[in-house]
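# This is a predicted model, with the sequence first.
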Amino acid sequence: MFSKILIANRGEIALRIIRACREMGIRTVAVYSEADRNSLHVRFADEAICIGQAASSNSYLNIPAIISAAEITDVEAIHPGYGFLAENPHFAEICASCQITFIGPTPENIRLMGDKMAARTTMQKAGLPIVPGSTAIIKNKEEALKTAKSISYPVIIKAAAGGGGKGMRICHNDLTLVSSLMTAQTEAEASFGNPNVYIEKYIEKPRHIEIQILADQYGHIVQLGERDCSIQRRHQKLLEESPSPAVDNKLRKRLGEMAIKGAKTVSYVSAGTIEFLFDQQRNNIYFMEMNTRIQVEHPVTEMVTGIDLIKEQIRAASGEKLKIQQDSIQIRGAAIECRINAEDFENNFMPSPGKIETLNLPGGPGVRLDTHIYPGYEIPPYYDSLVAKLITHGKNRQEAIKIMQRALSEFFIAPIKTTIPFHLKLMENPLFLKGDVSTHFVQDMLKTGEKEEE
Ligand code: MV4
(Lines give C-alpha, C1' and ligand atoms only; values in the text may rest on other atoms or scores of the structure.)
Protein backbone atom coordinates (compact mmCIF):
# COMPACT_ATOMS: atom_id res chain seq x y z
CA MET A 1 0.00 0.00 0.00
CA PHE A 2 1.06 3.57 -0.64
CA SER A 3 2.39 5.60 2.28
CA LYS A 4 1.74 9.01 0.69
CA ILE A 5 -0.43 10.27 -2.17
CA LEU A 6 -1.11 13.61 -3.82
CA ILE A 7 -4.64 14.74 -4.56
CA ALA A 8 -4.82 16.65 -7.84
CA ASN A 9 -8.17 18.24 -7.15
CA ARG A 10 -10.08 20.66 -4.93
CA GLY A 11 -13.43 21.05 -3.17
CA GLU A 12 -15.52 18.25 -1.76
CA ILE A 13 -13.84 15.46 -3.75
CA ALA A 14 -10.38 16.44 -2.46
CA LEU A 15 -11.79 16.18 1.08
CA ARG A 16 -13.47 12.87 0.29
CA ILE A 17 -10.14 11.40 -0.87
CA ILE A 18 -8.25 12.82 2.15
CA ARG A 19 -10.82 11.19 4.45
CA ALA A 20 -10.33 7.79 2.79
CA CYS A 21 -6.55 8.15 3.06
CA ARG A 22 -6.71 9.11 6.74
CA GLU A 23 -8.66 5.94 7.50
CA MET A 24 -6.19 3.87 5.48
CA GLY A 25 -3.12 5.36 7.17
CA ILE A 26 -1.94 7.07 3.98
CA ARG A 27 -0.39 10.54 4.24
CA THR A 28 -1.79 13.17 1.88
CA VAL A 29 -0.52 16.11 -0.11
CA ALA A 30 -3.01 18.76 -1.23
CA VAL A 31 -2.36 21.05 -4.15
CA TYR A 32 -4.19 24.34 -4.39
CA SER A 33 -4.56 27.45 -6.48
CA GLU A 34 -4.13 30.98 -5.13
CA ALA A 35 -7.94 31.21 -4.91
CA ASP A 36 -8.10 28.10 -2.70
CA ARG A 37 -5.60 29.10 -0.02
CA ASN A 38 -8.29 28.99 2.68
CA SER A 39 -9.87 25.74 1.53
CA LEU A 40 -10.50 22.81 3.83
CA HIS A 41 -8.58 20.37 1.62
CA VAL A 42 -5.49 22.48 2.28
CA ARG A 43 -6.09 22.36 6.03
CA PHE A 44 -7.02 18.66 6.22
CA ALA A 45 -4.09 17.31 4.18
CA ASP A 46 -0.76 16.53 5.83
CA GLU A 47 1.05 18.83 3.41
CA ALA A 48 -0.10 21.42 0.89
CA ILE A 49 1.57 23.08 -2.08
CA CYS A 50 0.36 26.06 -4.08
CA ILE A 51 0.52 25.19 -7.78
CA GLY A 52 -0.52 28.41 -9.46
CA GLN A 53 -3.05 31.11 -10.09
CA ALA A 54 -6.81 30.84 -9.72
CA ALA A 55 -7.63 29.92 -13.33
CA SER A 56 -7.73 26.09 -13.63
CA SER A 57 -5.48 26.19 -16.69
CA ASN A 58 -2.76 27.71 -14.47
CA SER A 59 -3.27 25.37 -11.50
CA TYR A 60 -5.44 22.22 -11.40
CA LEU A 61 -4.79 21.61 -15.12
CA ASN A 62 -1.12 22.55 -14.95
CA ILE A 63 0.59 19.16 -15.42
CA PRO A 64 4.21 20.32 -14.87
CA ALA A 65 3.24 22.10 -11.64
CA ILE A 66 1.39 19.02 -10.32
CA ILE A 67 4.18 16.60 -11.24
CA SER A 68 6.71 18.97 -9.60
CA ALA A 69 4.62 19.06 -6.43
CA ALA A 70 4.49 15.23 -6.48
CA GLU A 71 8.26 14.99 -6.86
CA ILE A 72 9.05 17.59 -4.19
CA THR A 73 6.81 15.83 -1.66
CA ASP A 74 7.95 12.35 -2.77
CA VAL A 75 4.48 10.80 -3.19
CA GLU A 76 3.98 7.35 -4.69
CA ALA A 77 0.65 8.06 -6.34
CA ILE A 78 -1.74 10.78 -7.56
CA HIS A 79 -5.52 10.67 -7.21
CA PRO A 80 -7.11 12.93 -9.86
CA GLY A 81 -10.68 12.97 -8.46
CA TYR A 82 -13.22 13.93 -11.18
CA GLY A 83 -12.97 16.68 -13.78
CA PHE A 84 -9.64 18.49 -14.36
CA LEU A 85 -7.05 15.81 -15.30
CA ALA A 86 -9.10 12.73 -14.37
CA GLU A 87 -9.73 11.64 -17.97
CA ASN A 88 -6.58 12.96 -19.61
CA PRO A 89 -4.68 9.93 -21.01
CA HIS A 90 -1.59 12.09 -21.52
CA PHE A 91 -1.52 12.96 -17.80
CA ALA A 92 -1.89 9.28 -16.84
CA GLU A 93 1.09 8.49 -19.12
CA ILE A 94 3.24 11.27 -17.67
CA CYS A 95 2.56 9.98 -14.15
CA ALA A 96 3.70 6.50 -15.22
CA SER A 97 6.84 7.85 -16.89
CA CYS A 98 7.71 9.66 -13.63
CA GLN A 99 7.21 6.43 -11.61
CA ILE A 100 4.10 7.87 -9.98
CA THR A 101 0.99 5.65 -9.88
CA PHE A 102 -2.07 7.28 -11.45
CA ILE A 103 -5.02 6.19 -9.28
CA GLY A 104 -7.38 5.29 -12.07
CA PRO A 105 -7.59 3.24 -15.24
CA THR A 106 -4.79 2.74 -17.76
CA PRO A 107 -4.00 5.47 -20.32
CA GLU A 108 -5.28 3.01 -22.97
CA ASN A 109 -8.62 2.61 -21.13
CA ILE A 110 -9.00 6.40 -20.91
CA ARG A 111 -8.00 7.02 -24.54
CA LEU A 112 -10.28 4.34 -25.99
CA MET A 113 -13.36 5.40 -24.02
CA GLY A 114 -12.60 9.08 -24.69
CA ASP A 115 -13.29 8.39 -28.36
CA LYS A 116 -17.06 7.95 -28.23
CA MET A 117 -17.24 6.37 -31.71
CA ALA A 118 -14.48 3.88 -30.83
CA ALA A 119 -16.27 3.11 -27.56
CA ARG A 120 -19.48 2.46 -29.52
CA THR A 121 -17.77 0.06 -31.93
CA THR A 122 -15.90 -1.71 -29.11
CA MET A 123 -19.03 -2.24 -27.04
CA GLN A 124 -21.02 -3.41 -30.05
CA LYS A 125 -18.32 -6.04 -30.70
CA ALA A 126 -18.64 -7.03 -27.04
CA GLY A 127 -22.32 -7.74 -27.68
CA LEU A 128 -23.80 -4.68 -25.96
CA PRO A 129 -26.80 -3.04 -27.65
CA ILE A 130 -25.89 0.32 -29.13
CA VAL A 131 -28.24 3.02 -30.45
CA PRO A 132 -28.92 2.42 -34.17
CA GLY A 133 -26.71 4.66 -36.30
CA SER A 134 -23.18 5.18 -37.63
CA THR A 135 -20.72 2.32 -38.00
CA ALA A 136 -17.89 4.83 -38.57
CA ILE A 137 -17.13 8.57 -38.56
CA ILE A 138 -19.34 10.51 -40.98
CA LYS A 139 -17.11 11.79 -43.82
CA ASN A 140 -19.58 13.81 -45.89
CA LYS A 141 -23.22 14.77 -46.30
CA GLU A 142 -23.97 11.78 -48.53
CA GLU A 143 -22.97 9.42 -45.71
CA ALA A 144 -24.98 11.49 -43.24
CA LEU A 145 -28.11 11.35 -45.43
CA LYS A 146 -27.68 7.62 -46.02
CA THR A 147 -27.33 6.93 -42.28
CA ALA A 148 -30.37 9.08 -41.44
CA LYS A 149 -32.41 7.33 -44.12
CA SER A 150 -31.55 3.90 -42.72
CA ILE A 151 -32.56 4.80 -39.14
CA SER A 152 -35.22 7.47 -39.90
CA TYR A 153 -35.60 10.88 -38.22
CA PRO A 154 -35.13 12.30 -35.65
CA VAL A 155 -31.37 11.71 -35.46
CA ILE A 156 -28.62 13.17 -33.31
CA ILE A 157 -25.14 14.23 -34.43
CA LYS A 158 -22.48 13.69 -31.77
CA ALA A 159 -18.79 14.63 -31.59
CA ALA A 160 -16.46 11.61 -31.35
CA ALA A 161 -14.32 13.53 -28.86
CA GLY A 162 -17.39 14.93 -27.06
CA GLY A 163 -19.40 13.31 -24.32
CA GLY A 164 -21.43 14.75 -21.52
CA GLY A 165 -23.68 16.50 -24.01
CA LYS A 166 -21.13 18.80 -25.62
CA GLY A 167 -21.35 19.31 -29.38
CA MET A 168 -24.63 17.46 -29.95
CA ARG A 169 -27.24 18.39 -32.61
CA ILE A 170 -30.73 17.00 -33.02
CA CYS A 171 -32.03 16.89 -36.64
CA HIS A 172 -35.56 16.27 -37.88
CA ASN A 173 -35.08 16.28 -41.67
CA ASP A 174 -32.52 16.17 -44.53
CA LEU A 175 -32.28 19.95 -44.68
CA THR A 176 -31.34 20.51 -41.02
CA LEU A 177 -29.10 17.41 -41.11
CA VAL A 178 -26.93 18.78 -43.90
CA SER A 179 -26.60 22.23 -42.34
CA SER A 180 -26.05 20.83 -38.82
CA LEU A 181 -23.34 18.48 -40.07
CA MET A 182 -21.11 21.37 -41.08
CA THR A 183 -21.67 23.36 -37.89
CA ALA A 184 -21.26 20.26 -35.69
CA GLN A 185 -17.91 19.45 -37.34
CA THR A 186 -16.69 23.04 -37.01
CA GLU A 187 -17.82 23.16 -33.39
CA ALA A 188 -16.20 19.80 -32.58
CA GLU A 189 -12.91 20.98 -34.09
CA ALA A 190 -13.05 24.24 -32.10
CA SER A 191 -14.03 22.58 -28.79
CA PHE A 192 -12.03 19.34 -28.89
CA GLY A 193 -9.45 19.81 -31.65
CA ASN A 194 -11.14 16.92 -33.46
CA PRO A 195 -13.86 17.48 -36.09
CA ASN A 196 -15.07 13.84 -36.15
CA VAL A 197 -18.81 13.33 -35.71
CA TYR A 198 -21.20 10.37 -35.92
CA ILE A 199 -24.95 9.91 -36.06
CA GLU A 200 -27.43 8.02 -33.89
CA LYS A 201 -31.18 7.62 -33.85
CA TYR A 202 -32.45 10.28 -31.42
CA ILE A 203 -34.21 8.71 -28.44
CA GLU A 204 -36.88 11.05 -27.14
CA LYS A 205 -37.30 11.41 -23.37
CA PRO A 206 -34.94 8.62 -22.33
CA ARG A 207 -33.77 7.84 -18.83
CA HIS A 208 -30.09 8.00 -17.98
CA ILE A 209 -29.09 4.83 -16.14
CA GLU A 210 -25.49 4.01 -15.28
CA ILE A 211 -23.76 1.02 -13.74
CA GLN A 212 -20.86 1.39 -11.33
CA ILE A 213 -18.06 -1.11 -11.81
CA LEU A 214 -14.91 -1.86 -9.88
CA ALA A 215 -11.94 -3.78 -11.29
CA ASP A 216 -8.52 -4.81 -10.03
CA GLN A 217 -5.35 -5.32 -12.10
CA TYR A 218 -5.94 -9.06 -12.36
CA GLY A 219 -9.17 -9.11 -14.36
CA HIS A 220 -11.54 -9.43 -11.40
CA ILE A 221 -14.51 -7.13 -12.08
CA VAL A 222 -17.69 -6.52 -10.07
CA GLN A 223 -20.71 -4.31 -10.68
CA LEU A 224 -22.42 -2.35 -7.90
CA GLY A 225 -25.85 -1.80 -9.36
CA GLU A 226 -27.29 1.21 -11.13
CA ARG A 227 -27.76 4.90 -10.54
CA ASP A 228 -30.57 6.86 -12.17
CA CYS A 229 -29.30 10.28 -13.24
CA SER A 230 -32.28 11.46 -15.28
CA ILE A 231 -32.86 14.59 -13.16
CA GLN A 232 -30.56 17.01 -14.96
CA ARG A 233 -30.60 20.42 -16.58
CA ARG A 234 -28.46 21.27 -19.59
CA HIS A 235 -26.37 18.14 -19.02
CA GLN A 236 -25.67 19.11 -15.42
CA LYS A 237 -26.99 16.41 -13.12
CA LEU A 238 -29.00 17.74 -10.17
CA LEU A 239 -30.10 14.55 -8.42
CA GLU A 240 -29.02 10.93 -8.61
CA GLU A 241 -30.48 7.87 -6.95
CA SER A 242 -29.98 4.18 -6.51
CA PRO A 243 -31.73 1.91 -7.22
CA SER A 244 -33.56 3.38 -10.21
CA PRO A 245 -37.36 3.39 -9.80
CA ALA A 246 -37.55 2.43 -13.51
CA VAL A 247 -35.38 -0.69 -13.35
CA ASP A 248 -36.84 -4.07 -12.38
CA ASN A 249 -34.76 -7.04 -11.21
CA LYS A 250 -34.65 -8.58 -14.67
CA LEU A 251 -33.32 -5.40 -16.31
CA ARG A 252 -30.97 -4.82 -13.36
CA LYS A 253 -29.38 -8.23 -13.87
CA ARG A 254 -29.04 -7.63 -17.63
CA LEU A 255 -27.49 -4.17 -17.13
CA GLY A 256 -25.00 -5.56 -14.62
CA GLU A 257 -24.00 -8.37 -16.98
CA MET A 258 -23.60 -5.94 -19.89
CA ALA A 259 -21.45 -3.60 -17.79
CA ILE A 260 -19.15 -6.44 -16.73
CA LYS A 261 -18.94 -7.70 -20.31
CA GLY A 262 -18.01 -4.22 -21.52
CA ALA A 263 -15.42 -3.66 -18.79
CA LYS A 264 -13.86 -7.11 -19.43
CA THR A 265 -13.65 -6.44 -23.15
CA VAL A 266 -11.47 -3.37 -22.62
CA SER A 267 -9.49 -4.99 -19.73
CA TYR A 268 -10.70 -2.20 -17.49
CA VAL A 269 -8.91 -1.39 -14.22
CA SER A 270 -10.19 0.82 -11.33
CA ALA A 271 -13.62 2.35 -10.70
CA GLY A 272 -15.63 3.16 -13.80
CA THR A 273 -19.16 3.79 -14.99
CA ILE A 274 -21.02 2.42 -17.99
CA GLU A 275 -23.80 4.79 -19.07
CA PHE A 276 -26.97 3.57 -20.73
CA LEU A 277 -29.91 5.29 -22.39
CA PHE A 278 -33.20 3.67 -21.44
CA ASP A 279 -35.97 4.20 -24.00
CA GLN A 280 -38.98 3.76 -21.72
CA GLN A 281 -41.51 3.99 -24.56
CA ARG A 282 -40.04 1.01 -26.40
CA ASN A 283 -38.42 -0.68 -23.39
CA ASN A 284 -35.00 -0.64 -25.12
CA ILE A 285 -31.67 -0.14 -23.41
CA TYR A 286 -28.54 1.08 -25.19
CA PHE A 287 -24.88 1.53 -24.27
CA MET A 288 -24.02 5.24 -24.46
CA GLU A 289 -20.58 6.01 -22.99
CA MET A 290 -18.11 4.79 -20.43
CA ASN A 291 -16.70 7.21 -17.86
CA THR A 292 -13.19 6.31 -16.78
CA ARG A 293 -13.20 8.16 -13.45
CA ILE A 294 -14.81 8.21 -10.02
CA GLN A 295 -18.01 10.22 -10.49
CA VAL A 296 -19.60 13.01 -8.48
CA GLU A 297 -22.55 10.75 -7.66
CA HIS A 298 -20.52 7.77 -6.36
CA PRO A 299 -21.88 8.21 -2.78
CA VAL A 300 -25.35 6.87 -3.65
CA THR A 301 -23.75 3.58 -4.65
CA GLU A 302 -21.62 3.62 -1.50
CA MET A 303 -24.71 4.09 0.66
CA VAL A 304 -26.70 1.20 -0.84
CA THR A 305 -23.76 -1.22 -1.10
CA GLY A 306 -21.73 -0.23 1.97
CA ILE A 307 -18.60 -0.27 -0.21
CA ASP A 308 -16.10 2.60 -0.05
CA LEU A 309 -15.32 3.23 -3.71
CA ILE A 310 -12.41 5.59 -3.09
CA LYS A 311 -10.66 3.10 -0.83
CA GLU A 312 -11.22 0.33 -3.38
CA GLN A 313 -9.83 2.56 -6.12
CA ILE A 314 -6.68 3.20 -4.06
CA ARG A 315 -6.30 -0.51 -3.21
CA ALA A 316 -6.64 -1.52 -6.86
CA ALA A 317 -4.09 1.11 -7.93
CA SER A 318 -1.59 -0.17 -5.36
CA GLY A 319 -1.85 -3.64 -6.92
CA GLU A 320 -4.05 -5.30 -4.32
CA LYS A 321 -6.52 -7.95 -5.39
CA LEU A 322 -10.19 -6.96 -5.18
CA LYS A 323 -11.60 -8.85 -2.18
CA ILE A 324 -15.25 -8.25 -3.05
CA GLN A 325 -17.13 -11.11 -4.73
CA GLN A 326 -20.11 -10.33 -6.97
CA ASP A 327 -22.51 -12.53 -4.97
CA SER A 328 -21.61 -10.72 -1.74
CA ILE A 329 -22.81 -7.37 -3.12
CA GLN A 330 -26.32 -6.49 -2.00
CA ILE A 331 -28.34 -3.36 -2.64
CA ARG A 332 -29.74 -2.30 0.74
CA GLY A 333 -32.56 0.25 0.75
CA ALA A 334 -32.41 3.38 -1.39
CA ALA A 335 -30.13 6.42 -1.54
CA ILE A 336 -30.60 9.84 -3.10
CA GLU A 337 -28.06 12.58 -3.71
CA CYS A 338 -29.02 16.23 -4.19
CA ARG A 339 -26.34 18.42 -5.66
CA ILE A 340 -26.26 21.72 -3.81
CA ASN A 341 -24.81 24.28 -6.20
CA ALA A 342 -24.09 27.96 -5.55
CA GLU A 343 -26.64 28.91 -8.21
CA ASP A 344 -29.80 30.98 -8.21
CA PHE A 345 -32.50 28.59 -9.34
CA GLU A 346 -35.06 31.44 -9.48
CA ASN A 347 -32.75 33.22 -11.91
CA ASN A 348 -31.99 30.59 -14.56
CA PHE A 349 -29.45 28.84 -12.30
CA MET A 350 -27.08 31.79 -12.48
CA PRO A 351 -23.84 31.19 -10.54
CA SER A 352 -23.87 32.84 -7.12
CA PRO A 353 -20.31 32.89 -5.74
CA GLY A 354 -19.37 34.84 -2.59
CA LYS A 355 -18.87 34.58 1.13
CA ILE A 356 -20.93 32.26 3.32
CA GLU A 357 -21.99 34.32 6.35
CA THR A 358 -24.48 31.91 7.90
CA LEU A 359 -24.45 28.13 7.67
CA ASN A 360 -26.63 25.44 9.23
CA LEU A 361 -25.70 21.91 8.20
CA PRO A 362 -28.22 19.05 8.21
CA GLY A 363 -27.53 15.80 10.05
CA GLY A 364 -29.23 12.99 11.90
CA PRO A 365 -30.18 9.44 10.89
CA GLY A 366 -29.75 8.53 7.24
CA VAL A 367 -27.93 11.74 6.30
CA ARG A 368 -24.48 12.06 4.69
CA LEU A 369 -23.05 15.42 3.69
CA ASP A 370 -19.97 15.68 1.46
CA THR A 371 -18.91 19.31 1.45
CA HIS A 372 -15.93 21.62 1.78
CA ILE A 373 -17.85 24.70 2.90
CA TYR A 374 -17.74 26.29 6.38
CA PRO A 375 -19.01 29.56 7.89
CA GLY A 376 -16.88 32.38 6.50
CA TYR A 377 -15.80 30.36 3.43
CA GLU A 378 -15.70 32.32 0.21
CA ILE A 379 -16.89 30.39 -2.85
CA PRO A 380 -14.53 31.37 -5.65
CA PRO A 381 -16.02 32.19 -9.07
CA TYR A 382 -13.38 30.23 -11.02
CA TYR A 383 -14.57 26.65 -10.67
CA ASP A 384 -17.78 24.62 -10.89
CA SER A 385 -20.52 25.71 -8.53
CA LEU A 386 -20.94 22.45 -6.55
CA VAL A 387 -20.74 23.32 -2.84
CA ALA A 388 -22.23 20.23 -1.20
CA LYS A 389 -23.66 16.81 -1.92
CA LEU A 390 -26.51 15.91 0.40
CA ILE A 391 -27.06 12.17 0.42
CA THR A 392 -29.80 10.35 2.27
CA HIS A 393 -30.26 6.63 2.78
CA GLY A 394 -33.50 4.95 3.81
CA LYS A 395 -35.00 1.48 3.83
CA ASN A 396 -36.76 2.34 0.58
CA ARG A 397 -37.12 5.26 -1.87
CA GLN A 398 -40.04 6.78 0.01
CA GLU A 399 -38.06 6.90 3.24
CA ALA A 400 -34.96 8.30 1.50
CA ILE A 401 -37.19 11.08 0.11
CA LYS A 402 -38.71 11.81 3.54
CA ILE A 403 -35.23 12.08 5.05
CA MET A 404 -34.14 14.29 2.13
CA GLN A 405 -37.10 16.66 2.66
CA ARG A 406 -36.26 16.92 6.35
CA ALA A 407 -32.49 17.37 5.74
CA LEU A 408 -33.05 20.00 3.03
CA SER A 409 -35.30 21.95 5.39
CA GLU A 410 -32.49 22.01 7.99
CA PHE A 411 -29.89 23.12 5.45
CA PHE A 412 -29.42 26.90 5.47
CA ILE A 413 -26.76 28.81 3.54
CA ALA A 414 -26.78 32.63 3.36
CA PRO A 415 -26.48 35.08 1.70
CA ILE A 416 -25.40 33.17 -1.42
CA LYS A 417 -28.14 31.51 -3.47
CA THR A 418 -28.18 27.73 -3.78
CA THR A 419 -30.18 24.95 -5.42
CA ILE A 420 -31.71 23.97 -2.04
CA PRO A 421 -35.08 25.62 -2.93
CA PHE A 422 -35.11 23.73 -6.25
CA HIS A 423 -34.63 20.41 -4.44
CA LEU A 424 -37.32 21.24 -1.87
CA LYS A 425 -39.72 21.84 -4.75
CA LEU A 426 -38.59 18.67 -6.51
CA MET A 427 -39.25 16.59 -3.36
CA GLU A 428 -42.93 17.57 -3.61
CA ASN A 429 -43.33 17.02 -7.35
CA PRO A 430 -45.89 14.22 -7.97
CA LEU A 431 -44.05 12.88 -11.03
CA PHE A 432 -40.74 12.74 -9.14
CA LEU A 433 -42.46 11.08 -6.18
CA LYS A 434 -43.83 8.44 -8.57
CA GLY A 435 -40.40 8.03 -10.15
CA ASP A 436 -41.95 8.95 -13.48
CA VAL A 437 -39.22 11.15 -14.99
CA SER A 438 -36.94 11.42 -18.03
CA THR A 439 -33.94 13.54 -18.99
CA HIS A 440 -36.45 16.22 -20.04
CA PHE A 441 -38.13 16.35 -16.65
CA VAL A 442 -36.45 19.48 -15.21
CA GLN A 443 -36.97 21.43 -18.43
CA ASP A 444 -40.66 20.45 -18.41
CA MET A 445 -41.04 21.15 -14.67
CA LEU A 446 -39.59 24.66 -15.00
CA LYS A 447 -41.67 25.39 -18.11
CA THR A 448 -44.86 24.39 -16.28
CA GLY A 449 -43.81 26.72 -13.44
CA GLU A 450 -43.51 29.63 -15.89
CA LYS A 451 -46.96 28.99 -17.28
CA GLU A 452 -48.49 28.97 -13.84
CA GLU A 453 -46.94 32.37 -13.14
CA GLU A 454 -48.47 33.93 -16.26
C1 MV4 B 1 -28.64 10.80 -26.71
C2 MV4 B 1 -29.96 11.20 -26.42
C3 MV4 B 1 -30.97 10.70 -27.21
N4 MV4 B 1 -30.66 9.87 -28.24
N5 MV4 B 1 -28.40 9.98 -27.74
C6 MV4 B 1 -26.50 13.65 -23.54
C7 MV4 B 1 -25.20 13.46 -22.85
C8 MV4 B 1 -24.42 12.54 -23.69
N9 MV4 B 1 -23.72 11.64 -22.85
C10 MV4 B 1 -25.41 11.85 -24.56
N11 MV4 B 1 -26.68 12.51 -24.35
C12 MV4 B 1 -27.80 12.11 -24.98
N13 MV4 B 1 -27.61 11.24 -26.01
C14 MV4 B 1 -29.40 9.53 -28.47
N15 MV4 B 1 -29.14 8.70 -29.49
C16 MV4 B 1 -30.18 12.07 -25.35
C17 MV4 B 1 -29.10 12.53 -24.64
C18 MV4 B 1 -29.41 13.43 -23.57
C19 MV4 B 1 -29.17 13.09 -22.26
C20 MV4 B 1 -28.60 11.88 -21.90
C21 MV4 B 1 -28.35 11.57 -20.59
C22 MV4 B 1 -28.68 12.48 -19.60
C23 MV4 B 1 -29.22 13.69 -19.93
C24 MV4 B 1 -29.48 14.00 -21.25
C25 MV4 B 1 -30.05 15.22 -21.57
C26 MV4 B 1 -30.30 15.54 -22.87
C27 MV4 B 1 -29.97 14.66 -23.87
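Sure, I can see it.
# So which residues make contact with stretch 401-409?
336, 338, 362-367, 390, 392-394, 420, 423-424, 427-428, 433 (C-beta atoms under 8 Å, 6 or more residues apart in numbering). In short, each C-beta sits where N, CA and C put it, glycine included.
# Inside strands: which ones of these?
336, 338, 367, 390, 392-394 (DSSP state E).
# Enumerate the residues of the stretch 351-454 of the chain near the ligand.
Proximity of the stretch 351-454 of the chain to the ligand is confined to Thr439 under the rule C-beta under 6 Å from any ligand atom.
# Show the pLDDT at the residue of the stretch 351-454 of the chain found nearest the ligand.
As assessed by C-beta to the nearest ligand atom, the ligand sits closest to Thr439 within the stretch 351-454 of the chain, at 3.7 Å. What the model reports as pLDDT for Thr439 is 95.
# Check whether it really touches Arg234, as I assumed.
No - in this structure Thr439 lies outside contact range of Arg234 using C-beta atoms under 8 Å: 10.7 Å.
# between the two, which one's more packed in?
Thr439 (22 against 8; other C-beta atoms under 10 Å).
# now the helices: where do they sit in the stretch 351-454 of the chain?
With DSSP state H, counting those that start in this stretch as the criterion, the stretch 351-454 of the chain has helices at 397-410, 420-426, 430-434, 441-453.
# mind checking which of the ones you listed is nearest Asn38?
helix 420-426 (23.3 Å; C-beta to C-beta).
# Would you mind listing the buried residues in that closest one?
420, 422-423, 426 (16 or more other C-beta atoms under 10 Å).
# just stretch 360-373 next, same as before
For stretch 360-373, by 16+ other C-beta under 10 Å, it's 361-362, 366-373.
# Pull up the distance across that stretch, start to finish.
11 Å (C-alpha to C-alpha, to the nearest Å).
# next one: stretch 367-376
23 Å.
# ok, now stretch 380-388?
First-to-last residue span, stretch 380-388, C-alpha to C-alpha: 14 Å.
# quick one: buried residues of that stretch?
Buried residues in stretch 380-388 (16+ other C-beta under 10 Å): 380, 382-388.
# swap in stretch 437-448?
437-439, 441-442, 445.
# which one of the residues you listed sits closest to Met113?
Thr439 (21.0 Å).
# can you pull the contacts of the spatially closest residue to the closest one that is not a sequence neighbour?
Excluding the flanking residues, the one nearest Thr439 by C-beta to C-beta, 6 or more residues apart in numbering is Ser230, at 5.2 Å. Shown in contact with Ser230 (C-beta under 8 Å, 6+ apart): 206-209, 437-439, 441.
# Can you verify Ser230 is assigned to a strand?
Yes - the assignment for Ser230 by DSSP: H, G, I helix; E, B strand; the rest coil puts it in a strand.
# out of the ones in strands among the contacts of stretch 401-409, which is most surrounded?
Result: Thr392 is most packed of these (other C-beta under 10 Å), 29 neighbours.
# pretty sure that residue contacts Arg368?
Yes - Thr392 is within contact range of Arg368, at 7.4 Å (criterion: C-beta under 8 Å).
# quick one: the helices in the stretch 101-250 of the chain?
107-114, 116-125, 141-151, 174-192, 249-265.
# Include mean pLDDT and distance to Arg22 when you put those helices into CSV, please.
Converted to CSV, those look like this (pLDDT from 0 to 100; distance: least, C-beta to C-beta, whole Å):
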stretch, mean pLDDT, distance to Arg22
helix 107-114, 98, 28
helix 116-125, 97, 36
helix 141-151, 97, 52
helix 174-192, 94, 38
helix 249-265, 98, 29
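# Please identify which of those helices is closest to the ligand.
helix 116-125 (8.1 Å).
# What are the buried residues along the closest one?
116-117, 119-120, 122-123.
# Test my guess that Thr122 contacts Ser267.
No - contact criterion C-beta under 8 Å: Thr122 and Ser267 do not qualify, at 11.2 Å.
# List the contacts of the nearest residue to Thr358 once chain neighbours are set aside.
Closest residue to Thr358 apart from its sequence neighbours, by C-beta to C-beta, 6+ apart: Ala414 at 4.4 Å. Ala414 makes contact with 356-359, according to C-beta under 8 Å, 6+ apart.
# Pick the most buried one from the helices of the stretch 101-250 of the chain.
Of those, the one with the most neighbours on average (mean count of other C-beta atoms under 10 Å) is helix 107-114, at a mean of 21.
# Hey, what's the angle from it to helix 116-125? Just curious.
100 degrees (axes from the mean of the first three to the mean of the last three C-alpha atoms, to 10 degrees).
# any residue of helix 107-114 up close to the ligand?
No - against the ligand, helix 107-114 shows no contacts by C-beta under 6 Å from any ligand atom, the least distance being 12.1 Å.
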